[in-house]
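Student: Here is the input, now give the coordinates:
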Amino acid sequence: MLLMLGLLVAIIVTFFVWSVIHELAHVLMAKLLTDVTDWKIKPYPQMVETNDGKRYFVWALSMWTYKGEVTDRQTAAIYLAPRIPDVVAAGLLQLYWIMPPSVWTLLFVVFCIGGIVDLAVGSAGRSDLADVTKASKALGMPQWILSAIGWVIALAASLPVLISAMKLL
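Tutor: The predicted structure follows:
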């Protein structure tokens, strides 16, 4: 019972940690590629209203302003930036195979799965505000291609480990 409660707490903390990582990835890429003058993040679920009056649910939000023009490639890079730490988490998850069974291993798996969940959810692209939607528009390519790449990486990295990690529970 205590292990399950600890696991639940770890999952909740992991959500907020990955929300911060995700939103900071956008901001850092924007700062690398453009002249960002101001930025902020809101790493928690909320409703946002767009300029055309539509309301959307978002898991977290980052905002930044910059000087000058931004190219389509820069825009795509900014919106795809969170996939970098997500893919790193997918790679790190493979260390599971050489780790001894323990509570620390389980926490490590939960943390890495958080990045993979971020990748999978980010690949869904179910609204005009979704990163994958904005990136695919900027690149002039069908959204399903970027979505499929994200889902393949997420599934290939996580399924074998998740099935095996069940033995820790």
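Student: so where's the chain uncertain?
Tutor: Counting by pLDDT under 70, the chain shows low-confidence ranges at 165-169.
Student: what element comes up after the longest helix seen in it heading to the C-terminus?
Tutor: Secondary structure assigned by DSSP state H gives helix 2-33 as the longest helix of the chain. Where DSSP states H and E defines the elements, the next helix or strand beyond helix 2-33 is strand 35-42.
Student: Go through that next one and flag the buried ones.
Tutor: Counting neighbours by 16 or more other C-beta atoms under 10 Å, one finds that the buried residues in strand 35-42 are 36, 39, 41. For glycine as for every other residue, the C-beta is placed from the backbone atoms N, C-alpha and C.
Student: Identify the residues contacting the first one.
Tutor: Counting by C-beta atoms under 8 Å, 6 or more residues apart in numbering, Val36 makes contact with 27, 30, 64-66.
Student: which of those residues are buried?
Tutor: When the contacts of Val36 are checked for burial by 16+ other C-beta under 10 Å, the buried set is 27, 30, 64, 66.
Student: Between all of the residues you listed, which two are separated the most?
Tutor: When the buried ones among the contacts of Val36 are compared pair by pair using C-beta to C-beta, the two farthest from each other are Val27 and Tyr66, 10.7 Å apart.
Student: For Lys67, see how far away the residue nearest in space to the middle of the chain is.
Tutor: By C-alpha atoms, centre = their mean, the mean C-alpha position of the chain lies nearest to Asp118, the distance being 3.2 Å. For Asp118, the distance to Lys67 (C-beta to C-beta, to the nearest Å) stands at 30 Å.
Student: Check Asp131 too.
Tutor: Here Asp131 is placed at a distance of 23 Å from Lys67 (C-beta to C-beta).
Student: Kindly report the same for Val161.
Tutor: Counting by C-beta to C-beta, the gap from Val161 to Lys67 is 44 Å.
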